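Undergrad: Need coordinates for the following:
(2 chains)
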Amino acid sequence: MTPTTVIVGASLAGINAARTLRLQGQLGPIVVVDADPERPYDRPPLSKQILTGEWEPEKILLPAGKEDLNLDFRLGTRAKALDLASRQIILEGPTGALETSSFDSLVIASGASARRLPDTAGIAGVHVVRTLADSLALRAELDAGPFRVVVIGAGFIGAEVASSCRKRGLDVTLVEALPLPLERILGAEMGQVCAQVHIENGVDLRLDTGVLQIETSSVDGVERVRAVVLSDGTVVEAEVVVVGIGVTVNTQWLEGSGIALDDGVMCDNTLLAAPDVVAAGDIARYPSARFGRTLRVEHWETAIAGGEAAARRLLAEASGETPAVFDPVPWFWSDQYDRKIQLAGRPMPTDECRIVHGTTAEFRFVALYGDGDRLTGVLGMNRPRHVVQLRALFDEGVSFSEACERAAAL
Amino acid sequence: MRIVVDFDLCESNAVCMGIAPEIFEVRDDDFLYVLNENPPESMRAKMEESVQRCPKQAISIAED
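TA: Numbering: from 1, shown residues only, chains lettered A, B, ... in the order given. This is a model prediction of the structure:
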């Protein structure tokens, strides 16, 4: 009998796990399950090129999803429960029918879902951006030319949605509960720069401001958003609201299964969550020796690397090889207006932040983050060459002060 | 093998440069330059990694 692998999640981590298993010679069935009915697609364009209308959905299909890898796709199918002892998973198909599927090994890559505001379910005009369907639904409303879009949350998704709306010439109010956007990720100094980028691009930015209520009106029997009431009492009228307040991991189906959960699936440093069970992508939490704490990384590149590493972990188990440690340098990019923000590493907001190239005034610079003399982050705004070159310093074990000197010499 | 970059898609994230700086170079003008369009066969693994890790799917390998 050839072993069967079930992969829950057909997005970047899951599809790359499948591809790696196949290319590394796994002959048995590979079942790829995803609640999303669409063929595997790439998410970064959902808040950018898909929203602006520059790209059609066909263009974001993942190449690995189109390769002939002999995968058994179960799309529109949700994982409902896991029985570790009997190595069975309960699936709910598109019609609601339940099915039990047996596996020899399991890849958990069920990702995360967009958080929503309470009591807004079913209100027309209120959107999140996580799936292709989400993005297309929002795009259809933007096509109609609303007089104002309110974006709630100035994190990366909110910032990119605001940017895409501005590119379409729409008026945007961007509401952020924290005193500065991205403060928890980039610290106050860089948060201030990101705030300025929004303002320079004509966004009505409301910082340190919460949302009290979504006001609605009934249009042709449909309850539709009319305005957003902010914590300072201001009422912002809008036809469209986009909520970008983070994600929650899709671990419901794992509760009570014996898989350890703590804001993600707890893995060891090789992405193993249980014997013959691995996790990858947004859902995987692993101990990082590099950063001295557990990390759960929601970045695009980490999903690919994690999917590949998780597959290799299963193969190492089968062949008796020593498994590789998973501890890459996290890296992501975010395109906002005409600025490209890239961050390598994982700084704490309280880390020292030193500008080593360019100036924040021209919105083209490189900043390094350090915790004592340990390098923790490389941030670039429209400086891709420097970010990629300085990212390599993490693996060289270079100190913060030496990294600053090396950066100045680039 | 020949490296083909779709410059309409490329947005200079410089991931490829991190993988194979001998072949890919993003310069201070923020544009990508391919330093050697015909890398030696010994670099195939790095070229395939560059194809896979390009956030814009802008790199491909032609066999000719």
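Undergrad: For the residue in the stretch 151-300 of chain A positioned nearest to chain B, grab the count of nearby residues.
TA: Closest contact between the stretch 151-300 of chain A and chain B, by C-beta to the nearest C-beta, is at A:Trp300 (6.3 Å). In short, each C-beta sits where N, CA and C put it, glycine included. Residues contacting A:Trp300 under the criterion other C-beta atoms under 10 Å in any protein chain shown number 20.
Undergrad: Same check on A:Asp327?
TA: Per other C-beta under 10 Å, the neighbour tally for A:Asp327 reads 16.
Undergrad: all strands for the stretch 251-400 of chain A, in order.
TA: Assigned by DSSP state E, counting those that start in this stretch, the stretch 251-400 of chain A shows strands spanning A:265-266, A:272-274, A:277-279, A:284-288, A:293-296, A:331-336, A:339-345, A:352-359, A:364-371, A:374-381.
Undergrad: what packs against the first one?
TA: What that stands for is strand A:265-266. strand A:284-288 (3 or more C-beta pairs under 8 Å, 6 or more residues apart in numbering or on different chains; DSSP states H and E).
Undergrad: can you do 10 Å?
TA: Contacts defined by 3 or more C-beta pairs under 10 Å, 6 or more residues apart in numbering or on different chains; DSSP states H and E place strand A:265-266 against strand A:272-274, strand A:277-279, strand A:284-288, strand A:293-296.
Undergrad: hang on, the earlier thing: just name the most buried of the strands of the stretch 251-400 of chain A.
TA: strand A:277-279 (a mean of 31; mean count of other C-beta atoms under 10 Å in any protein chain shown).
Undergrad: now that one: mean pLDDT?
TA: Averaged across strand A:277-279, pLDDT comes to 98.
Undergrad: go on, stretch A:133-148?
TA: 98.
Undergrad: That stretch and chain B, are they touching?
TA: No. Judged by C-beta under 10 Å from any C-beta of the partner chain, stretch A:133-148 and chain B are separated, with a smallest distance of 17.0 Å.
Undergrad: Identify each buried residue in that stretch, please.
TA: Neighbour-count burial for stretch A:133-148 flags A:Asp134, A:Ser135, A:Leu138, A:Arg139, A:Glu141, A:Leu142, A:Pro146, A:Arg148 (criterion: 16 or more other C-beta atoms under 10 Å in any protein chain shown).
Undergrad: again with stretch A:92-110
TA: A:Glu92, A:Ser101, A:Phe103, A:Asp104, A:Ser105, A:Leu106, A:Val107, A:Ile108, A:Ala109, A:Ser110.
Undergrad: Pretty sure the residue of the stretch 151-300 of chain A closest to chain B sits against B:Arg53.
TA: Yes. Applying C-beta atoms under 10 Å, one finds A:Trp300 in contact with B:Arg53, separated by 9.4 Å.
Undergrad: Overlap of the contact sets of these two?
TA: Common neighbours of A:Trp300 and B:Arg53, using C-beta atoms under 10 Å, 6 or more residues apart in numbering or on different chains, are A:Trp331, B:Asn13.
Undergrad: ok so, going back, can you redo the buried residues of stretch A:133-148 as CSV with secondary structure?
TA: Output for the buried residues of stretch A:133-148, formatted as CSV (DSSP: H, G, I helix; E, B strand; the rest coil):
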residue, secondary structure
A:Asp134, helix
A:Ser135, helix
A:Leu138, helix
A:Arg139, helix
A:Glu141, helix
A:Leu142, helix
A:Pro146, coil
A:Arg148, coil
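Undergrad: Show the residue spans covered by the strands in chain B.
TA: B:2-5, B:24-26, B:32-34, B:59-62 (DSSP state E).
Undergrad: List the contacts of the third one.
TA: Contacts of strand B:32-34 with the rest of the structure, by C-beta under 10 Å, 6+ apart, involve A:384-385, B:2-5, B:7, B:10-14, B:16-17, B:23-27, B:58-59.
Undergrad: does any part of the longest helix belonging to chain B sit near chain A?
TA: Secondary structure assigned by DSSP state H gives helix B:44-53 as the longest helix of chain B. Yes. Using C-beta under 10 Å from any C-beta, helix B:44-53 reaches chain A at B:Glu48, B:Glu49, B:Val51, B:Gln52, B:Arg53.
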